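Colleague: coords please:
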Amino acid sequence: MDTWTLFNLPLLDIPVGQVAKVVEVEWREGWNVKEGGVPFADYWRAVGSKRYGAEDVLLMDLAGMQHARPNFEALKALMKRKYAVWLEMGVRDVQDIFDAFTLGSQNVLLGSLTCASRKMLEEIIELSDMSVPLLYFDGQVRWFGKRLPADLSSSLRLLEDLGFERAAVLDLRRLGGRDGYDPGLAEAALSSDLDILFGGGVRETHLPELREMGAVGGLLDPYTPVLRDLIATQGVPAENEPLPTPVKRESPRGFGIDG
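Modeller: Predicted coordinates for the structure are as follows:
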């Protein structure tokens, strides 16, 4: 979800869900945001519809993940929903964990891309078992901390030794692709004794087979064919629809205009 661009927008008297966009990303030694995207409100309407019926939703805040600046004001507005929210906002220290739970997250994902050390993992598991490590994989596990193991099996074993009971693995090479998930990588991840959620090329039709393999769940790609169809059939507002006039009010803390 792209909330970073909201820092550069004037404050408008419209819901954040109409201007924040759910976007597609790809990994090129860093996150690359693809053009397009759908307003958060329209996306949420699709996943929450009776035809889809999602109960758990994973929000990945690119502002926090890429720039170490989570858009708390936007996240607070977007998370006032009835679903169980799993939040990845680029946790870099213990305070980020507190902030994420304060926003209303049911589970907070600790992404390997922003995890600097084993000590940080130790501190977080002592705080809450609702914090779930998320291992980003592109041939190796991408940790921010260079002393953490690049091998997937070693990384999962480390998490288990520290006391984590769950972990998620996201295959960056397959994320958003048409080839589906990598069965070999899924099998390797699921050989761990941890409860594993697996993602990267995963679609709705893959969930039964992943569960048969031993996964507790899957991280679905943000724009599966099913979701694209739902979004298209419910009608998305025209891009050229004029925006409301900016209103005068104080900028909330953490949500302002850069420069």
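Colleague: what ranges do the helices span in the stretch 101-250 of the chain?
Modeller: Shown for the stretch 101-250 of the chain, the helices assigned by DSSP state H, counting those that start in this stretch span residues 118-127, 152-162, 183-190, 207-213, 225-234.
Colleague: so who does the closest residue to Q66 other than its chain neighbours touch?
Modeller: The shortest distance from Q66 to any non-neighbouring residue, by Cβ to Cβ, 6 or more residues apart in numbering, is to W31 (5.6 Å). Yep, even glycine has a C-beta here, placed from its N, CA and C like the rest. By Cβ atoms under 8 Å, 6 or more residues apart in numbering, the residues touching W31 are V25, L62, M65, Q66.
Colleague: kindly report the same for S192.
Modeller: Per Cβ under 8 Å, 6+ apart, neighbours of S192: S153, L156, R157, E160, A167.
Colleague: relative to E55, which of those residues is nearest.
Modeller: A167 (20.7 Å; Cβ to Cβ).
Colleague: for N8, report the pLDDT, please.
Modeller: Predicted confidence (pLDDT) at N8: the value is 42.
Colleague: that older thread, adding distance to G200, mean neighbour count and mean pLDDT, write the helices of the stretch 101-250 of the chain out as a markdown table.
Modeller: A markdown table is the format used below for these (distance: least, Cβ to Cβ, whole Å; neighbours: other Cβ atoms under 10 Å; pLDDT from 0 to 100):
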| stretch | distance to G200 | mean neighbour count | mean pLDDT |
| --- | --- | --- | --- |
| helix 118-127 | 22 | 16 | 95 |
| helix 152-162 | 12 | 17 | 98 |
| helix 183-190 | 8 | 17 | 98 |
| helix 207-213 | 11 | 13 | 97 |
| helix 225-234 | 16 | 14 | 90 |
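Colleague: dump the ones you listed into JSON lines; add distance to W44 as well.
Modeller: Compiled in JSON lines, those are given as follows (distance: least, Cβ to Cβ, whole Å):
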{"stretch": "helix 118-127", "distance to W44": "28"}
{"stretch": "helix 152-162", "distance to W44": "31"}
{"stretch": "helix 183-190", "distance to W44": "28"}
{"stretch": "helix 207-213", "distance to W44": "20"}
{"stretch": "helix 225-234", "distance to W44": "10"}
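Colleague: in the sheet, which residues pair with the residue most central in space within the chain? Tell me.
Modeller: The C-alpha lying nearest the average C-alpha coordinate of the chain belongs to M60 (Cα atoms, centre = their mean; 2.6 Å). As for beta bridges, M60 partners with E88 under DSSP bridges.
Colleague: just the CA trace of stretch 33-53, in PDB.
Modeller: Output of stretch 33-53 as PDB, limited to C-alpha atoms (Å, rounded to 0.1, in the frame of the first residue of the first chain):
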ATOM      1  CA  VAL A  33       6.200   0.300  -7.400                       C
ATOM      2  CA  LYS A  34       4.400  -0.400 -10.600                       C
ATOM      3  CA  GLU A  35       2.200   2.200 -12.300                       C
ATOM      4  CA  GLY A  36      -1.500   2.200 -11.500                       C
ATOM      5  CA  GLY A  37      -3.100   0.900  -8.400                       C
ATOM      6  CA  VAL A  38      -6.600   1.000  -6.900                       C
ATOM      7  CA  PRO A  39      -8.000   3.300  -4.200                       C
ATOM      8  CA  PHE A  40      -7.900   1.600  -0.900                       C
ATOM      9  CA  ALA A  41     -11.600   2.000  -0.400                       C
ATOM     10  CA  ASP A  42     -12.400   0.200  -3.600                       C
ATOM     11  CA  TYR A  43      -9.900  -2.600  -2.900                       C
ATOM     12  CA  TRP A  44     -11.300  -3.100   0.600                       C
ATOM     13  CA  ARG A  45     -14.800  -3.200  -0.800                       C
ATOM     14  CA  ALA A  46     -13.800  -6.000  -3.100                       C
ATOM     15  CA  VAL A  47     -12.000  -8.200  -0.500                       C
ATOM     16  CA  GLY A  48     -14.800  -7.700   2.000                       C
ATOM     17  CA  SER A  49     -17.600  -8.400  -0.400                       C
ATOM     18  CA  LYS A  50     -19.800 -11.500   0.100                       C
ATOM     19  CA  ARG A  51     -18.300 -12.900  -3.100                       C
ATOM     20  CA  TYR A  52     -14.800 -12.900  -1.600                       C
ATOM     21  CA  GLY A  53     -15.300 -12.800   2.200                       C
END
